[in-house]
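Okay, predicted coordinates and the sequence, questions at the end:
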Amino acid sequence: MGVVTARDPQASNASSQRAGPRTAAPQSGFAPWKNPSLSPIVRFEGITKRFDDFVAVNDVTLDIYEKEFFALLGPSGCGKSTLLRMLAGFERPTQGKTIVAGQDITDLPPYQRPVNMMFQSYALFPHMTVEGNIGFGLRQEGMPKNLIAERVDEAMGMLELRQFAKRKPNQLSGGQQQRVALARAIAKKPRIVLLDEPLGALDKKLRQQAQFELMRIQETTGTTFIIVTHDQEEAMTVASRIAVMEKGVLVQVATPGDIYENPKTRYIAGFIGDVNVFEGTVSAIGDGCIEISAKDGYQFKTRSSEPVSVGQQVWLALRPEKIRIAHEQPASAVNAIPGKVEDIGYLGSISHYHVRTAPGERITALRANAAHTVERPISWEDGVWLDWPVDAGVVLTG
Amino acid sequence: MSAKANGLGRWYVIAAPYLWLLIFFLIPFFIVFKLSLSDVATAIPPYTPTFSWSEGIGKFISQLDFENYTFIFGDPLYVNAYLSSVKIAAISTVLTLLVAYPMAYGMARAPKSWQPTLMMLVILPFWTSFLIRIYAWIAILKPEGFLTMFLMKLGIISEPLQIMNTTTAVYIGIVYSYLPFMILPLYASLEKINPALLEAAQDLGSRPWRAFWQITFPLSLPGVFAGCLLVFIPAVGEFVIPDLLGGSDTLMIGKTLWNEFFNNRDWPLASAVAVILLLVLTIPIVLFQRQQQIERESGR
């Protein structure tokens, strides 16, 4: 039992709201992974990569579809970058196959692959101008000069780089360099663009701008983008689907909404957003609902999509924004527990309430500050009640 | 008070190298320059005029002339020696570059833990006297030397090699002696190149060999430039290597200079030869300085 908290408490809230329009309605929206007649543009088949005795990527099988903005998410060292570098051709898998558009490219060198990469360090050629950098890939194909100029100009226009055309990379700011790197990666109009922590070097504000720029470019070009990031907010913002990796293994592949609402494991629940976790055992199974006896004596009733049996150890994960907080005991709540406000994090649009319960747990609840003035605001040391409906929590078995 | 002392301290620091240059370069240069304007004489020292207080500075200066310079430019022997020295130095520089580049590239690409050892191996020859190393080459190159014996044992050649006392031997000697001066600046500039640049080039469709010419080589140019000048400048005036390894047909200005000084005892003419050599070398030195300046300004 405990509260698992991600590094950036603001992020979970923001992303859960923002992820809405792109992913909340998968039935009607863009969801090629649900269409069995489509074949994936990228298929990793049982990919394993060993460095000496260290397994960087462990038996990963994954399909990525055309026009997806796919995120590989995980902490550093989880193997996400290695997987991307294997797709680019810089690393060779120890086992398994990489298939792009139906063709096995496992043994193809990087310069023959239909993918272009944007590097974390940008890797801009310091002795070439912005134009020279963006046109580099096109020159390799022996394209006529006027066509190259046209394509370079198009890419520069898309990223508002025209006025920097004659500059060298060291005469550009970080944000400008980042845009040149992106322009260079899309200039050849590859089928797949790989982005290795593309915004890692930017400050927070610029990063948010750049995320929307990435999405705009991805939508206008209709290219498949695969991004590697350790920033869950970034993944939630840009991606159509996210693959969460941990220690070289794929843990869950789903839309940002699904990952947030139905995380498969406690690790994912904690990695993406804030979450309160209650440990307990299943005490009863009813019609669509199960009852959980929490370790500290509470009885919770909740829906469960996971098949469970009576007596099984489970964890109930509750997002802070799904917990209601009030001064009075709610009249007809299924799950309600009393506690005392210990801390309030006022963030303007929302407030976080850290509530200590009688058995000594700390639970985080979150409330939007919707009203301009509140008659009786919840304050430090107030006795409060926390409650949530049966469908608020997620039952986790691992 | 302390600010003044501080300012004075800074002045000393700035003055030190200039003082050094004045004492060990400028004053000797003026002595040589003055000598080059004198005439040869059978005396001790072997030139006139010598300055004496009784005759005064005016008479002393009136006896100086540019006769030696007109003589040098009129005699094809000297002009040819200059041209031949520049040619031999230029060819040696290119050969050194061709040998050093792959070595420096290999060093820069070697695992980080090996690099100090490899660097040590490059510098190691400096631990032995330069002269001894050149004598060692005589033992290798002479007709009954190690190289001939080795190749004859292998059956590659049947006649002894005639390398010793030829210009080829001079090339071998210069390339061998100046190799570290080429490798070190090359290694320094190659080692700075971000490996991701090559990955990016390949990712954008450039084959490894093209990527080398498009990315690695242009980015190593500052090192190529520095290395070439570090080899070329001393090689033009090289004396020991052509003297020990070269033959009678190897015409180099360093040897001519030595002959003028010690065989002909014509100090004024030899000084004039030295002054012209210095002027010839000023051109690449100025180029080198400008290159360094550009490099510093571009912040690479």
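Good, I have the coordinates. Numbering: from 1, shown residues only, chains lettered A, B, ... in the order given.

Least confident secondary structure element in chain A?
The weakest-scoring helix or strand in chain A, judged by mean pLDDT, DSSP states H and E, is helix A:9-23 (a mean of 40).

Helix or strand next in line after that helix, which one?
Counting by DSSP states H and E, the next helix or strand C-terminal to helix A:9-23 is strand A:42-51.

Give me the helices and strands touching that following strand, please.
In this structure, strand A:42-51 makes packing contacts with strand A:54-64, helix A:80-88, strand A:95-100, judged by 3 or more Cβ pairs under 8 Å, 6 or more residues apart in numbering or on different chains; DSSP states H and E. All C-beta spots, glycine's among them, are computed from the backbone N, C-alpha and C.

And B:R290, which helix or strand is it part of?
Using DSSP H and E, B:R290 falls in helix B:267-298.

Report the rounded mean pLDDT for that helix.
Per-region confidence: helix B:267-298 scores 84 on mean pLDDT.

How about stretch B:29-37?
90.

what sits against the nearest residue to A:M215 once chain neighbours are set aside?
Setting aside the residues directly before and after it, A:M215 is nearest to A:V238 in space (Cβ to Cβ, 6 or more residues apart in numbering or on different chains), at 5.4 Å. Applying Cβ atoms under 8 Å, 6 or more residues apart in numbering or on different chains, we find A:V238 in contact with A:F69, A:A71, A:Q211, A:L214, A:M215, A:Q218, A:F225, A:I227.

out of those, which are inside helices?
In this view, those that belong to helices under DSSP state H are A:Q211, A:L214, A:M215, A:Q218.

What is the neighbour count of the second one?
Which is A:L214. 23 (other Cβ atoms under 10 Å in any protein chain shown).

how about the residues of chain A that lie near chain B?
Counting by Cβ under 8 Å from any Cβ of the partner chain, chain A comes close to chain B at A:88-90, A:109-113, A:115-117, A:119, A:121, A:123-127, A:136-137, A:140-141, A:170, A:184, A:188.

Buried among those residues? Make that a PyMOL selection.
With 16 or more other Cβ atoms under 10 Å in any protein chain shown as the criterion, this PyMOL line picks the buried residues out of the residues of chain A next to chain B:
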select buried, chain A and resi 88+89+90+110+111+113+115+116+117+119+121+123+124+125+126+127+136+137+140+184+188
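
Show me the residues of chain A next to chain B that map onto helices.
Checking these against DSSP H, those in helices are A:A88, A:F136, A:G137, A:Q140, A:R184.

what about the helices in the stretch 101-250 of chain B?
Under the criterion DSSP state H, counting those that start in this stretch, the stretch 101-250 of chain B contains helices at B:115-123, B:130-141, B:146-154, B:167-191, B:195-203, B:208-211, B:217-236, B:240-245.

Can you add mean neighbour count, mean pLDDT and distance to chain A and give these back as CSV?
Shown next, in CSV, are these (neighbours: other Cβ atoms under 10 Å in any protein chain shown; pLDDT from 0 to 100; distance: least, Cβ to the nearest Cβ, whole Å):
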stretch, mean neighbour count, mean pLDDT, distance to chain A
helix B:115-123, 13, 94, 21
helix B:130-141, 14, 93, 37
helix B:146-154, 13, 90, 39
helix B:167-191, 22, 95, 12
helix B:195-203, 22, 95, 4
helix B:208-211, 14, 94, 7
helix B:217-236, 21, 92, 5
helix B:240-245, 21, 92, 36
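
out of the ones you listed, which comes closest to A:L62?
Set against A:L62 and scored by Cβ to Cβ, those come closest in helix B:195-203, at 20.9 Å.

Touching that closest one from outside, list them.
Applying Cβ under 8 Å, 6+ apart, the contact partners of helix B:195-203 are A:88-90, A:109-111, A:113, A:115-117, A:119, A:121, A:123-126, A:136, A:184, B:208, B:210-211, B:214-216, B:219.

do stretch A:153-170 as well
Outside stretch A:153-170, the residues within contact range by Cβ under 8 Å, 6+ apart are A:122, A:124-131, A:133-134, A:172, A:176-177, A:179-180, A:182-184, A:186-187, A:213, A:217, A:220, B:298-299.

Run through the bridge partners of A:C289.
A:R303 (DSSP bridges).

Would you confirm that it contacts A:D391?
No: at 9.1 Å, A:C289 does not count as touching A:D391 under the criterion of Cβ atoms under 8 Å.

Which one's more surrounded, the two?
A count of neighbours by other Cβ under 10 Å puts A:C289 above the other of A:C289 and A:D391, at 15 against 12.

The more buried one and chain B: what is the separation?
Counting by Cβ to the nearest Cβ, to the nearest Å, the gap from A:C289 to chain B is 53 Å.

which residues touch that residue?
Shown in contact with A:C289 (Cβ under 8 Å, 6+ apart): A:K301, A:T302, A:R303, A:S304, A:V390.

one more time with 7 Å
Contacts were defined as Cβ atoms under 7 Å, 6 or more residues apart in numbering or on different chains; by that measure A:C289 touches A:K301, A:T302, A:R303, A:V390.

For these, pick the one with the most neighbours.
Among the contacts of A:C289, the one with the most neighbours (other Cβ under 10 Å) is A:T302, at 22 neighbours.

Look at the closest residue to that one other than its chain neighbours and say how many residues are nearby.
Using Cβ to Cβ, 6+ apart and skipping the chain neighbours, the partner closest in space to A:T302 is A:G393 (4.7 Å). If you count neighbours by other Cβ under 10 Å, A:G393 ends up with 26.

Any idea which residue is closest to the centre of chain B?
B:P234 (1.5 Å; Cα atoms, centre = their mean).

contacting residues for the most centrally placed residue in chain A?
Of all residues in chain A, the one closest to the mean position by Cα atoms, centre = their mean is A:A235, 2.9 Å from it. If you count contacts by Cβ under 7 Å, 6+ apart, A:A235 has them with A:A71, A:L73, A:T229, A:I242.

Also B:I88?
Contacts of B:I88 (Cβ under 7 Å, 6+ apart): B:T167, B:V170, B:M252.

Mind listing the shared neighbours of A:C289 and A:D391?
Joint contacts of A:C289 and A:D391 (Cβ under 7 Å, 6+ apart) are A:R303.

Give me the phi and psi for A:E91.
Backbone torsions of A:E91, given as degrees, to the nearest 10, read phi -130, psi 150.

Near it, how many other residues are there?
With other Cβ under 10 Å as criterion, A:E91 counts 17.

burial count for the residue lying closest to it once chain neighbours are set aside?
Leaving aside its chain neighbours, A:E91 sits nearest to A:R85 (4.6 Å; criterion: Cβ to Cβ, 6+ apart). As a burial measure, A:R85 scores 21 neighbours (other Cβ under 10 Å).

How confident was the prediction at A:P330?
Reported pLDDT at A:P330 in the predicted model: 85.

residues contacting it?
Going by Cβ under 7 Å, 6+ apart, A:P330 touches A:A336, A:W385, A:D387.
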